[in-house]
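Trainee: Here is a sequence with its predicted model. Questions after.
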Amino acid sequence: MEFPIRSPREQVSGIFVFGRILDKIRLQACEGKLPDGYHLGVISGKRTFDDRVCRFLGVEFADLSTRTLAGGSDEEILAWCFETGDRPDDEQIVIWNGFMSKRDNDSIARTRSAGNFSSFSESVAKRATSSGIPALKNI
């Protein structure tokens with residue numbers, strides 16, 4: 001399987017993580033599953049990237065999923081979020097992006113400090129291989 005989910009740092013109209021969630025929604029609808037280690041939507045009792053993005057934009061995840069699957073570009077779907085929910089200003093977006101980029105780094109650091117970095121490395125190696133990237137050593 002090609003690796004179709006973009007980095008959380010790839011921006012849609014300046015906003016981190018949003019495009020990644022759209023990728024996961026589309027992939028789940030198309031293939032019926034996501035790559036190992038990925039989940040979609042809100043998990044009760046946990047703050048997921050999906051949950052955080054929806055809360056930031058003031059939309060429900062189910063509504064975002066429905067709108068995404070109705071079609072349109074990432075920018076059109078984001079415009080719908082702004083119309084339906086909240087439109088953050090430039091300062092809020094800067095703060096959001098800083099927070100989300102730190103969350104991404106923190107999750108890697110927690111994995112590493114918990115002694116589970118080898119399973120993280122295995123996951124990265126598996127994704128690289130499935131994407132056609134040559135074998136990586138010492139990840």
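Mentor: The structure has been received and is ready for your questions.
Trainee: what residue lies at the spatial centre of the protein?
Mentor: Nearest residue to the geometric centre of the chain (C-alpha atoms, centre = their mean): R20, 3.7 Å.
Trainee: who's in contact with that one?
Mentor: Residues in contact with R20 (C-beta atoms under 8 Å, 6 or more residues apart in numbering) are I5, R6, S7, P8, E10, F49. The C-beta positions use only the backbone N, C-alpha and C, and glycine is treated the same way.
Trainee: Using the three-state scheme, assign it.
Mentor: Using DSSP: H, G, I helix; E, B strand; the rest coil, the structure places R20 in helix.
Trainee: G41 contacts T48, doesn't it?
Mentor: Yes - contact status for G41 versus T48: in contact at 7.4 Å, counting by C-beta atoms under 8 Å.
Trainee: Going through the contacts of R20, which ones are buried?
Mentor: Using 16 or more other C-beta atoms under 10 Å as the burial test, these include I5, R6, P8, F49 as buried.
Trainee: Nearest residue to the third one in space, please, no chain neighbours.
Mentor: When you say that, I think you mean P8. Distance criterion C-beta to C-beta, 6 or more residues apart in numbering; nearest residue to P8, sequence neighbours excluded, is V17 at 4.7 Å.
Trainee: what does the first one give?
Mentor: Taking C-beta to C-beta, 6+ apart as the measure, I5 lies nearest to D23, with 4.6 Å between them; neighbours along the chain are not counted.
Trainee: Let me see the backbone angles for that neighbour.
Mentor: Torsion angles at D23 (phi, psi; degrees, to the nearest 10) stand at phi -60, psi -40.
Trainee: Can you list the low-confidence ranges for the protein?
Mentor: Along the chain, segments meeting pLDDT under 70 span 1-3, 104-127, 135-139.
Trainee: Please enumerate the helices of this protein.
Mentor: Under the criterion DSSP state H, helices of the chain are mapped to 18-31, 49-57, 61-69, 74-84, 90-113, 117-130.
Trainee: Burial check on the closest residue to C54 other than its chain neighbours, number of neighbours?
Mentor: Distances taken as C-beta to C-beta, 6+ apart put F61 closest to C54, at 4.9 Å, once the chain neighbours are dropped. By other C-beta atoms under 10 Å, the residues close to F61 number 18.
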